[in-house]
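Enquirer: next come a sequence and a model predicted from it.
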Number of protein chains: 2
Amino acid sequence: MAKTRTYHHFCPVARSLEVIGEKWSLLIVRDLLMGPQRFTDLARYLGKITPKWLTLRLRDLEAAGIVERESQPGRREVWYRLTARGQELRPVVEALAVWGLDHAIRPPLPGEPVHPERALQTMTIFRNRRNVRLQRPARWSVRFAGDGVYTLVYDGARWSYHAGEEAADLVVETTPEDWVNFLLAPAAERAARARSLVISGDETRLADFHRSFDARDASSSDALGSA
Amino acid sequence: MAKTRTYHHFCPVARSLEVIGEKWSLLIVRDLLMGPQRFTDLARYLGKITPKWLTLRLRDLEAAGIVERESQPGRREVWYRLTARGQELRPVVEALAVWGLDHAIRPPLPGEPVHPERALQTMTIFRNRRNVRLQRPARWSVRFAGDGVYTLVYDGARWSYHAGEEAADLVVETTPEDWVNFLLAPAAERAARARSLVISGDETRLADFHRSFDARDASSSDALGSA
DNA sequence: CTGAATCCGACACGATACTG
DNA sequence: CAGTATCGTGTCGGATTCAG
C-alpha cells in the first residue's frame, strides 16, 4: 500500500483514511456500490483515471479486503465487486454525497461528462435529504437521448430510481447535461432551462412535476451553486 | 487549492473529495470538531505533520469556507474554528470512524502516541455503535498519569465522555496506551491487560465495568484486530 | 477490444532548518 | 506561537506499448 499516507495516529478516522484515502479509492467504491463492474466500466465512470492507477487502486482495495476480483475461467472478462467490508463504506460515500450536495455541487463544466445514473442518483439523494414531497405517488420516466431510460419513483414518502422504463405517468426527454442543468438551476432560470426538456403527461402530473421544484426552493437554505 | 486532485465528474462525492480529500484535511476537521484550536494544538494532535503542510491545509480549508481563522489584536495566538459548513462534515468523520472501528483499528504501534481524548472518543463511539449497555447508569473516572482526567458517562442508554472529574462511582488509573490496549484486547488477554490498570469502586460497580466488556464480545462479529 | 506494464515529467508531500 | 524557506522523495498524470 502507500508509503507516505500513514498517519501514525491511534484513531479510527485516521486508520480509515490510510486505507481508502488515496486518490480515486472512494470513487471506485462509489461506482461499485451500483453493482459489480468490469475494468473498463470503471474506467469509463471514472473518466480521466489512467489504467495504471486504476489497476493499482484495485489491487490496493483487494489487499484491504474491500474489493473482490472475479474472473470466470474461459471468459476474458474480469468483474470487480465489493466485499461485505466494502459495502459497509456506503455510509461514508453517502455522507460525502450529502455534504457535497449541500456545499460543493455545481453545474457540469464544459467537457465534464454527466453519467445518467449519477444524475438520477444525485437527484434522489437530494430529494430525500430535502424532504421533497408530492401529493401523490409518481413514476416519472426520463429518456436520455441514446443514453438509456430511467424511472424515477416517488412512493409517497421516499424517492428512488431504477434503470429501464415502465408504466410512467410522466415522460421527460432530454440529455444528461440538460437534465442536471435544469435540476440545479436557480428558480429564476428554471423556466428557461425547462425549454430544453420535452415533458409529456396529463395536466395534474405536469403540475406535480413543476411544483416539486418549488418545494425544493422553500426547503433549501444553502446556495446550491456556492463554491 | 489542489491542481491534480480534480476529478471532472458531475458527482457530489467527487466534489466533496476535491475539497477535503487531500492528505490531513479531514483529520484537521476531526480535531476541530472537538472545539477551536490553536496552530500548535493542531500540530500536536496531528503528530507528524510539518508546519508547512498544516499552514497550507488550513489556508485551503479557509478558502473552502470550512475553517475560520481568528486572531485577536494584541495577542499572538491564532485560533482556528469550524464554520457551519465545517461542522456539517461531522457525519463524514463519524462514518469514517465507524468503518475504521469495524475494519481497520489496531492497537497502537510502538511510538504511536495515544491522545487521551481520542481514546475516550473512540471508546464512546464504539460502545454506542455496538449498543453496549449496563444495568444502571454509571460515571467512570479515567485518570491518565500526568495527562488529564476524564469522565465516561452512561446515562442508561448512551455513552458519552467529557474532560474533568466529577462524582464518579468507579475510578481507573492508567496511561493512554495501557487503556486502549486493554480496550482492544481479545477476551482471552483481557484479564492480563487489566493488571496494568488500577480500578477502584465498590463490588457492584466493578462487576458492571468488567461485564460491559463481555457484552462487547457477544455483539462483536468483526475481528477488531483484523487488517 | 480488455487488462494491463513501462517510461517520464509535474507536483504533492516529507524532513530539517530558520524567522518575526 | 505561528509560521517560512529549502531541498529531497513519493504519488500521480500522460503517453506509449503489449499480450490475450
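Expert: Okay, I see it.
Enquirer: the residue in chain A positioned nearest to DNA strand D: which element?
Expert: Distances between chain A and DNA strand D by CB to the nearest atom of the strand are smallest at A:Lys3, namely 3.4 Å. Where you see a C-beta, it was placed from the backbone N, CA and C, and this is true even at glycine. In this structure, A:Lys3 is located outside every helix and strand according to DSSP states H and E.
Enquirer: for the helix ranked longest in chain A, buried residues please.
Expert: If you go by DSSP state H, chain A has its longest helix at helix A:203-219. Neighbour-count burial for helix A:203-219, with 16 or more other CB atoms under 10 Å in any protein chain shown as criterion, is recorded at A:Arg205, A:Asp208, A:Phe209, A:Ser212, A:Arg216.
Enquirer: so what's the first one up against?
Expert: A:Arg205 makes contact with A:Ala138, A:Asp169, A:Leu170 under the criterion CB atoms under 8 Å, 6 or more residues apart in numbering or on different chains.
Enquirer: of the residues you listed, closest to B:Trp24?
Expert: Proximity of the contacts of A:Arg205 to B:Trp24 (CB to CB) peaks at A:Ala138, which lies at 44.9 Å.
Enquirer: against A:Gly201, how distant is the closest one?
Expert: Distance of A:Ala138 to A:Gly201, given as CB to CB, to the nearest Å: 9 Å.
Enquirer: joint contacts of these two?
Expert: A:Asp169, A:Leu170.
Enquirer: so A:Thr6, which state does it fall into?
Expert: coil (DSSP: H, G, I helix; E, B strand; the rest coil).
Enquirer: what's the distance between A:Pro67 and chain B?
Expert: I think there's a mix-up here, since residue A:67 is Val and not Pro. The gap separating A:Val67 from chain B is 13 Å, by CB to the nearest CB, to the nearest Å.
Enquirer: tell me the phi and psi of that residue?
Expert: Phi and psi for A:Val67, reported as degrees, to the nearest 10, are phi -120, psi 140.
Enquirer: just A:Ala138 next, same as before
Expert: Given degrees, to the nearest 10, the pair of backbone angles that A:Ala138 has is phi -150, psi 150.
Enquirer: that one against A:Asp208, yeah?
Expert: Yes - counting by CB atoms under 8 Å, A:Ala138 sits close enough to A:Asp208 to count as a contact (6.1 Å).
Enquirer: find residues that contact each of these two.
Expert: Contact criterion CB under 8 Å, 6+ apart; residues shared by A:Ala138 and A:Asp208: A:Leu170.
Enquirer: A:Asn181: helix or strand, and which one exactly?
Expert: Per DSSP H and E: helix A:176-184 holds A:Asn181.
Enquirer: so what secondary structure elements neighbour whichever helix or strand comes after that helix?
Expert: Sequence-wise, the next helix or strand downstream of helix A:176-184 (DSSP H and E) is helix A:187-194. Applying 3 or more CB pairs under 8 Å, 6 or more residues apart in numbering or on different chains; DSSP states H and E, one finds that helix A:187-194 contacts helix A:176-184, helix A:203-219.
Enquirer: okay, now the residue lying closest to A:Glu77 once chain neighbours are set aside: neighbour count?
Expert: Nearest-residue entry for A:Glu77: A:Arg38, 5.7 Å, with adjacent residues in sequence omitted and distances by CB to CB, 6 or more residues apart in numbering or on different chains. A:Arg38: 12 surrounding residues under other CB atoms under 10 Å in any protein chain shown.
Enquirer: quick one, what contacts A:Arg38?
Expert: A:Arg38 touches A:Glu77, A:Val78, A:Trp79, A:Tyr80, counting by CB under 8 Å, 6+ apart.
Enquirer: okay if I get those residues as TSV plus neighbour count and distance to DNA strand D?
Expert: Formatted as TSV, the contacts of A:Arg38 follow (neighbours: other CB atoms under 10 Å in any protein chain shown; distance: CB to the nearest atom of the strand, whole Å):
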residue	neighbour count	distance to DNA strand D
A:Glu77	10	10
A:Val78	14	12
A:Trp79	16	16
A:Tyr80	23	18
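Enquirer: so A:Ala97 touches B:Pro12, yeah?
Expert: Yes - if you go by CB under 8 Å, A:Ala97 and B:Pro12 touch, sitting 4.6 Å apart.
Enquirer: mutual contacts of these two, please.
Expert: Joint contacts of A:Ala97 and B:Pro12 (CB under 8 Å, 6+ apart) are A:Thr122, A:Ile125.
Enquirer: surely A:Val78 meets A:Glu70?
Expert: Yes - using CB under 8 Å, A:Val78 is in contact with A:Glu70, at 7.2 Å.
Enquirer: just want the most central residue of chain A.
Expert: Centroid-nearest residue in chain A, with CA atoms, centre = their mean: A:Arg118, separated by 3.2 Å.
Enquirer: list the contacts for that one?
Expert: Residues in contact with A:Arg118 (CB under 8 Å, 6+ apart) are B:His9, B:Phe10, B:Cys11.
Enquirer: export those residues to TSV and tack on secondary structure and neighbour count?
Expert: Formatted as TSV, these follow (DSSP: H, G, I helix; E, B strand; the rest coil; neighbours: other CB atoms under 10 Å in any protein chain shown):
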residue	secondary structure	neighbour count
B:His9	coil	23
B:Phe10	coil	24
B:Cys11	coil	27
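Enquirer: quick check, nearest of these to DNA strand C?
Expert: Nearest to DNA strand C among the contacts of A:Arg118 is B:His9, at 17.6 Å by CB to the nearest atom of the strand.
Enquirer: could I have the CA atoms of the worst-scoring helix or strand of chain A on mean pLDDT written out in PDB?
Expert: In chain A, no helix or strand scores lower on mean pLDDT, DSSP states H and E than helix A:203-219, which sits at a mean of 83. Extracted in PDB, the C-alpha atoms of helix A:203-219 (Å, rounded to 0.1, in the frame of the first residue of the first chain):
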ATOM      1  CA  GLU A 203     -52.100  18.300 -16.500                       C
ATOM      2  CA  THR A 204     -52.200  17.000 -13.000                       C
ATOM      3  CA  ARG A 205     -48.900  15.200 -13.300                       C
ATOM      4  CA  LEU A 206     -47.200  18.100 -15.000                       C
ATOM      5  CA  ALA A 207     -48.300  20.400 -12.200                       C
ATOM      6  CA  ASP A 208     -46.800  17.800  -9.700                       C
ATOM      7  CA  PHE A 209     -43.600  17.800 -11.600                       C
ATOM      8  CA  HIS A 210     -43.100  21.600 -11.600                       C
ATOM      9  CA  ARG A 211     -44.400  22.100  -8.100                       C
ATOM     10  CA  SER A 212     -41.800  19.600  -6.800                       C
ATOM     11  CA  PHE A 213     -39.100  22.200  -7.700                       C
ATOM     12  CA  ASP A 214     -40.800  25.000  -5.900                       C
ATOM     13  CA  ALA A 215     -40.800  22.800  -2.800                       C
ATOM     14  CA  ARG A 216     -37.100  22.400  -3.200                       C
ATOM     15  CA  ASP A 217     -36.600  26.200  -3.100                       C
ATOM     16  CA  ALA A 218     -38.700  26.500   0.000                       C
ATOM     17  CA  SER A 219     -36.600  24.000   2.000                       C
END
